[in-house]
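1. Curious how this folds, go ahead:
(one chain, ligands or ions: 2)
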Amino acid sequence: MAPVNVENINNDKREAFKKKVEILENNLEYFPDFPKEGILYSEMFKILRTPELFQILRDLLVETAKEFDPKPDVIIGIDSKGFLFGPLVALELKIPFVPIRKRGKLPGKVKSASYVLEYGTDTMEMQEESIQKGQNALLVDDCLATGGTLECASELVKAFQGNLIGCLVITEKYELDGFRKLSCPVKSLMKVK
Ligand SMILES: O=P(O)(O)OC[C@H]1O[C@H](OP(=O)(O)OP(=O)(O)O)[C@H](O)[C@@H]1O
Ligand SMILES: Nc1ncnc2[nH]cnc12
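-> Ligands and ions are numbered 1, 2, ... in the order given. Coordinates of the predicted model:
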């Protein structure tokens, strides 16, 4: 039997991953001047409306989440679109999902932090005791733009003494260099304008 060529297998895997990303890229939709003039808003709801595409997106997110080292103990999803994707990853990895919500939506004791968005400002909150000190936390959201949202979420994780191992997003607005605001590894499936 011929020897197994690990390099070929890895190349094939990378190629398959890239092809799936291209399929998703072709199904993103762009809305100029939304929600404000000058913003090119990228939207992925067409992907969610199409089960075959949604499955591809889920698989890529799970595969990418598994690449983080150390491995996550908890997935933290950001209000609101992080709630669509974070739980898919958490369930597949069989680890807890925890939400970070916008101000005033979470009952009980919370910690809060404020941030500036590409198109506004806001405050986000996380429930006390939702993560344990030292837990490896992976933040999940749909989009990285200026990085303000993930920076704020990172501060919350640190306030809980969680160990932030990284951020996982679907789209990253490459012209805004949002990753520079973050002091952890950031992985995005697609770079968008
Ligand atoms: O990197 P940033 O500049 O901070 O922008 C990224 C954030 O902005 C969008 O959320 P939005 O506040 O529009 O909220 P939504 O998910 O409730 O629509 C997006 O879903 C990210 O969470
Ligand atoms: N989905 C999105 N598209 C473009 N810019 C954004 N800024 C925050 N979210 C965005």
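2. From here on, just use CA atoms for contacts and neighbour counts.
-> Will do.
3. Which parts of this protein are helices?
-> Counting by DSSP state H, the chain has these helices, from start to end: 6-25, 45-49, 51-65, 82-93, 148-159.
4. Turn those helices into CSV, including mean neighbour count.
-> Supplementary listing: the helices of the chain in CSV, determined by neighbours: other Cα atoms under 10 Å:
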stretch, mean neighbour count
helix 6-25, 13
helix 45-49, 14
helix 51-65, 17
helix 82-93, 20
helix 148-159, 22
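5. Make JSON lines from those and add mean pLDDT to it.
-> Formatted as JSON lines, these follow (pLDDT from 0 to 100):
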{"stretch": "helix 6-25", "mean pLDDT": "93"}
{"stretch": "helix 45-49", "mean pLDDT": "98"}
{"stretch": "helix 51-65", "mean pLDDT": "98"}
{"stretch": "helix 82-93", "mean pLDDT": "98"}
{"stretch": "helix 148-159", "mean pLDDT": "95"}
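6. Mind putting the ones you listed into CSV with distance to Leu117?
-> As requested, these are exported to CSV (distance: least, Cα to Cα, whole Å):
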stretch, distance to Leu117
helix 6-25, 24
helix 45-49, 21
helix 51-65, 24
helix 82-93, 16
helix 148-159, 6
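7. and of those helices, who's closest to Asp141?
-> With respect to Asp141, and counting by Cα to Cα, the nearest of those is helix 82-93 at 4.0 Å.
8. how about that closest one, does it reach ligand 2?
-> No. For helix 82-93, no contact with ligand 2 is found by Cα under 6 Å from any ligand atom; the gap never falls below 11.4 Å.
9. max-length strand in the chain?
-> In the chain, taking DSSP state E as the definition, the longest strand is strand 163-173.
10. I'd like the distance between the residue of the chain found nearest ligand 2 and Glu172.
-> Closest contact between the chain and ligand 2, by Cα to the nearest ligand atom, is at Tyr41 (3.4 Å). As judged by Cα to Cα, to the nearest Å, Tyr41 and Glu172 stand 12 Å apart.
11. Now do the longest strand of the chain and helix 148-159, the angle between them.
-> Put simply, strand 163-173 runs at 180 degrees to helix 148-159, going by axes from the mean of the first three to the mean of the last three Cα atoms, to 10 degrees.
12. Parallel or antiparallel, list what pairs with strand 163-173.
-> Strand 163-173 pairs in its sheet with strand 136-144 (parallel), strand 186-192 (parallel), by DSSP bridges.
13. Show me which residues of the chain are close to ligand 2?
-> Residues of the chain lying close to ligand 2 by Cα under 6 Å from any ligand atom are Leu40, Tyr41, Ser42, Glu43, Glu118, Cys143, Ala145.
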